[in-house]
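Enquirer: sharing a sequence plus its predicted fold:
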Amino acid sequence: MSNDFKFTINRIAFDENYQPLDSTRITTNFANLARGERRVENLRNTLTMINNRFNALADWDNPTGDRYSLELDIVSVNMDIEGKGDTFPTIEILQTTIVDSVTNKRIPGIVGNNFSSYVRDYDFSALLLAHNKDKPTFSIPNNFGDLHGKLFQCFVNSDAYQENFAKQPVICLSVSDNKTYQKTANQHPILGVEYQPNETSLTEQYFKKMGLDVRYFMPPNCVAPLAFYFFGDLLNDYSNLELISTISTMETFQRIYRPEIYNANAAAGNTYQPNLKNLDFSSTHIVYDREERSKLAVKQGKFAEEHFIKPYQAILEQWSASYVF
C-alpha cells in the first residue's frame, strides 16, 4: 500500500463578506463568528483588531501605525482515501498574507495559526469520552492520537503541501487553565517573554504525535502567554513579520474566544495560572457562542466516526501500521 493519500487544498477568504462553506466544520471559530445578525460587524471588528495589533508590533518604519494589513485565507484540506475521487474534509488551517502599503508588496505570512480537524473532534469528543464513561479514574486509550498524528504529518510531507506553502506550519493556541506557567529570563523581541509550564498536558502529547514541539511566549503588551506549536526552530525559521502575522491573528481570536484570559485587565506575573472564571476582564463586544461550540464538537466527533473512522477503519489501520515519516 502507498504511504501517501491524495490531498487537495481549497481556499476561501476570511473577510467581512465571509460565508462558511457547507463543508466547513460548524465548530470552526470562523464559522461561529460569521453567523447571526451581527455577522458583518463581528468580522469587520475582528479584522480591525488584527490589523491594529499587527501595526503595533511592527512599529519600525511605521510612524502612523497603519503601514500593514493582513489578508487571511481559510485553507481546507480534503483527503482522498481510496483514490476514487471521494474526499473527506480532514483539516482546516489559516494562511496569512501581509500587505505592505509602503512598498505595495504582498508578503507570505505563516500557514497554520488556527487548527481544526474532524479526526481530533472524534478523538477528544467521542473516543476519549466513551473510553472514560462510568470509570472512576480518567485514562487515555491505547494509541490515542496516533492516526491523527500520522495523517497530519502525511499532509505536511505531501506534494499538495509542498506545492502550496514554502514553510512548515505554526499553530498558535491558548494556554491551558489546568497548568501553571513560570516566567523565564528568555525574551524574544517579537514573541516576548518565554514561560515554562509546570507539567505536560494531553494537548501537548497529542500535538507531539503530529510532530510538533511547543514553546510558550507572552508577546509585548499581551496579558497571557500563547502556545506556539511548530517544527524546526521557531525563533530562527521565521521572519519578524511572519511571527507578527501569527501573533496578531491568534491573539485577537483568543481575546474574543477566551476574554477571561486574553482580555484580562491584569497581565500574567512571574507565576501564572489561567482562569476561565476570572471576572476582571474587558469584553471585545464581538459575539461568540462558546457553549454552542463545545456541544457541536461532540456532534462532529460522531460525524467523523460515522463517515470516516468506521467506513475506512481497515484501510486506516493498515496504513497507520505501515506509515513511516
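Expert: Done, it's in.
Enquirer: quick one: low-confidence parts of the stretch 151-300 of the chain?
Expert: 287-294 (pLDDT under 70).
Enquirer: spit out the contact partners of the nearest residue to Asn164 once chain neighbours are set aside.
Expert: Of all residues not flanking Asn164 in the chain, Ile9 sits nearest, at 5.6 Å (C-beta to C-beta, 6 or more residues apart in numbering). Bear in mind the C-beta positions are built from the backbone N, C-alpha and C, glycine included. Counting by C-beta atoms under 8 Å, 6 or more residues apart in numbering, Ile9 touches Val75, Ser76, Val77, Asn78, Ala160, Asn164.
Enquirer: can I assume the third one sits in a strand?
Expert: Yes: assessed by DSSP: H, G, I helix; E, B strand; the rest coil, Val77 belongs to a strand.
Enquirer: that one pairs with what?
Expert: Beta bridges link Val77 to Ile9, Ile91 when assigned by DSSP bridges.
Enquirer: distance of it from Arg11?
Expert: Applying C-beta to C-beta, to the nearest Å, the value for Val77 to Arg11 is 11 Å.
Enquirer: when these two are compared, which one has more neighbours?
Expert: The neighbour comparison of Val77 against Arg11 (other C-beta atoms under 10 Å) goes to Val77, with 23 against 11.
Enquirer: right, and that one touches Phe155 too?
Expert: Yes: counting by C-beta atoms under 8 Å, Phe155 is a contact partner of Val77 at 6.0 Å.
Enquirer: residues shared between the contacts of these two?
Expert: Contacts common to Val77 and Phe155, judged by C-beta under 8 Å, 6+ apart, are Phe7, Thr90, Ile91.
Enquirer: ok, the first one touching Ile81?
Expert: No: the criterion here is C-beta under 8 Å, and Phe7 misses it with Ile81 at 10.7 Å.
Enquirer: for the residue nearest to Thr8 when sequence neighbours are not counted, what are its contacts?
Expert: Once flanking residues are discounted, Thr8 sits nearest to Asn78: 4.9 Å by C-beta to C-beta, 6+ apart. If you count contacts by C-beta under 8 Å, 6+ apart, Asn78 has them with Phe7, Thr8, Ile9, Asn10, Ser23, Thr87, Phe88, Pro89, Thr90.
Enquirer: how deep is the second one tucked in, by neighbour count?
Expert: Pointing back at Thr8 there. Neighbour count for Thr8, taken as other C-beta under 10 Å: 12.
Enquirer: Val119 versus that one, what's the distance?
Expert: Taking C-beta to C-beta, one finds Thr8 at 17 Å from Val119.
Enquirer: so which residues of the chain form helices?
Expert: 29-33, 39-57, 118-122, 128-132, 146-156, 159-164, 202-208, 240-257, 259-262, 290-304, 313-322 (DSSP state H).
Enquirer: need the ones you listed in TSV with distance to Ser101 and mean neighbour count, can you?
Expert: Shown next, in TSV, are the helices of the chain (distance: least, C-beta to C-beta, whole Å; neighbours: other C-beta atoms under 10 Å):
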stretch	distance to Ser101	mean neighbour count
helix 29-33	25	21
helix 39-57	10	19
helix 118-122	38	23
helix 128-132	47	14
helix 146-156	33	21
helix 159-164	26	13
helix 202-208	36	17
helix 240-257	14	24
helix 259-262	28	20
helix 290-304	35	16
helix 313-322	47	13
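Enquirer: got a markdown table for those helices, with distance to Val170 too?
Expert: Converted to a markdown table, the helices of the chain look like this (distance: least, C-beta to C-beta, whole Å):
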| stretch | distance to Val170 |
| --- | --- |
| helix 29-33 | 17 |
| helix 39-57 | 16 |
| helix 118-122 | 17 |
| helix 128-132 | 26 |
| helix 146-156 | 12 |
| helix 159-164 | 14 |
| helix 202-208 | 12 |
| helix 240-257 | 6 |
| helix 259-262 | 18 |
| helix 290-304 | 23 |
| helix 313-322 | 25 |
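Enquirer: right, and those helices - which one's nearest Ala185?
Expert: Closest of the helices of the chain to Ala185 is helix 240-257, at 20.1 Å (criterion: C-beta to C-beta).
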